[in-house]
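Q: Fold the following.
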Amino acid sequence: MILQVQNVTKRFGGLLALSNVSFDLNEGEILGLIGPNGAGKTTLFNAINGVFPPTEGKVTFLGQDVTGKKPYDMARAGMARTHQIVRPLNDLTVRENVMVGACFGRENHGLGEAGRIADEVLGFVKLNARSDQLAGSLNVAQKKRLEMARSLAARPHLLLLDEVLAGLNPSEIAGMVQTVRQIRDQGVAIIMIEHVMHAVMNVSDRITVLDYGQMIAVGTPEEVSNNPKVIEAYLGDPKLAERLMADIDEA
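A: All right, here's what the predicted structure looks like:
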């Protein structure tokens, strides 16, 4: 087991953003994290990744209690993350951006090794043709891939993906889903926050659902998509669950 989240609660003054959230993640597993806007999904990522400590609860990563550790500690431990709003270093090249990820990951790489890793990862995410281009000139889909490449250059055991499919067209979504599967096939565990339901249902081994900071369901995509609480809180239309499952069967 690579990650355990136990009774994590987060309060901001009088606002209860997370309430007793618990789940675990196995090596090489993809866990989808879904729920309405404001449900606490990114807050949960922040508590896991060390952006801020949970008010209560415990986070265990690779058998070590990492509750309250800082993001740079988590990067060194082997946890990497992408963000909803991609912010590359616009005045650096694509390759240089990825080298930054290599230098601040699990190992202290020099520039030579960081460059080698950057070239390898850019090939993996199919951005090698843009290697010498300024990052600020990329389109949205390319910036999403750059964000992923920079995270992968850190050589993570666990990758947190925050709405990596947002803003992409259908063909770009299909390509990104394929890349996510390839990352998993390399043994990297993944938690992905996503609103593109047909994609997250297709790629995830299990789904966790948050609503108003509480975990209301966890299970396989089929179990979750047919859960009455999930339909009421998030999916809305019972027939949507049927369509989602049809998409999964065709994949």
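Q: all helices of this structure, in order?
A: Using DSSP state H, the helices found in the chain span residues 41-49, 71-77, 94-103, 111-124, 140-152, 170-185, 197-203, 221-225, 228-230, 238-250.
Q: Could you double-check that Met74 lies in contact with Gly50?
A: Yes - contact criterion Cβ atoms under 8 Å: Met74 and Gly50 qualify, at 4.9 Å. All C-beta spots, glycine's among them, are computed from the backbone N, C-alpha and C.
Q: Which neighbours do those two have in common?
A: Counting by Cβ atoms under 8 Å, 6 or more residues apart in numbering, the contacts common to Met74 and Gly50 are Val66.
Q: quick one, which of the helices of the chain is nearest to Ser19?
A: The closest of the helices of the chain to Ser19 is helix 41-49. By Cβ to Cβ, the value is 11.0 Å.
Q: where's Asp65 relative to Lys58, distance?
A: Distance, Asp65 to Lys58, using Cβ to Cβ, to the nearest Å: 6 Å.
Q: so what's the residue nearest to Ala118 when sequence neighbours are not counted up against?
A: Nearest residue to Ala118 in three dimensions, chain neighbours excluded: Val98, at 3.9 Å (Cβ to Cβ, 6 or more residues apart in numbering). Contacts for Val98 (Cβ under 8 Å, 6+ apart) come out as Ile117, Ala118, Val121, Leu122, Leu146, Ala149, Arg150, Ala153.
Q: give me that answer again for 7 Å
A: Going by Cβ atoms under 7 Å, 6 or more residues apart in numbering, Val98 touches Ala118, Val121, Leu122, Ala149, Arg150, Ala153.
Q: Could you export those to a markdown table, including columns for neighbour count and pLDDT?
A: A markdown table is the format used below for those (neighbours: other Cβ atoms under 10 Å; pLDDT from 0 to 100):
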| residue | neighbour count | pLDDT |
| --- | --- | --- |
| Ala118 | 29 | 98 |
| Val121 | 25 | 98 |
| Leu122 | 23 | 98 |
| Ala149 | 28 | 98 |
| Arg150 | 27 | 97 |
| Ala153 | 26 | 97 |
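Q: Kindly reformat those as CSV containing distance to Gln182.
A: Shown next, in CSV, are those (distance: Cβ to Cβ, whole Å):
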residue, distance to Gln182
Ala118, 18
Val121, 12
Leu122, 14
Ala149, 13
Arg150, 17
Ala153, 15
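Q: which one among these gets closest to Gly38?
A: Nearest to Gly38 among those, with distances taken as Cβ to Cβ, is Arg150, at 27.7 Å.
Q: My read is that Met99 contacts Ala118, right?
A: Yes - the pair Met99 / Ala118 is scored as a contact, 4.7 Å apart, by Cβ atoms under 7 Å.
Q: Centre of the chain to stretch 110-123, how far?
A: When C-alpha coordinates are averaged (Cα atoms, centre = their mean, to the nearest Å), stretch 110-123 and its chain have centres 22 Å apart.
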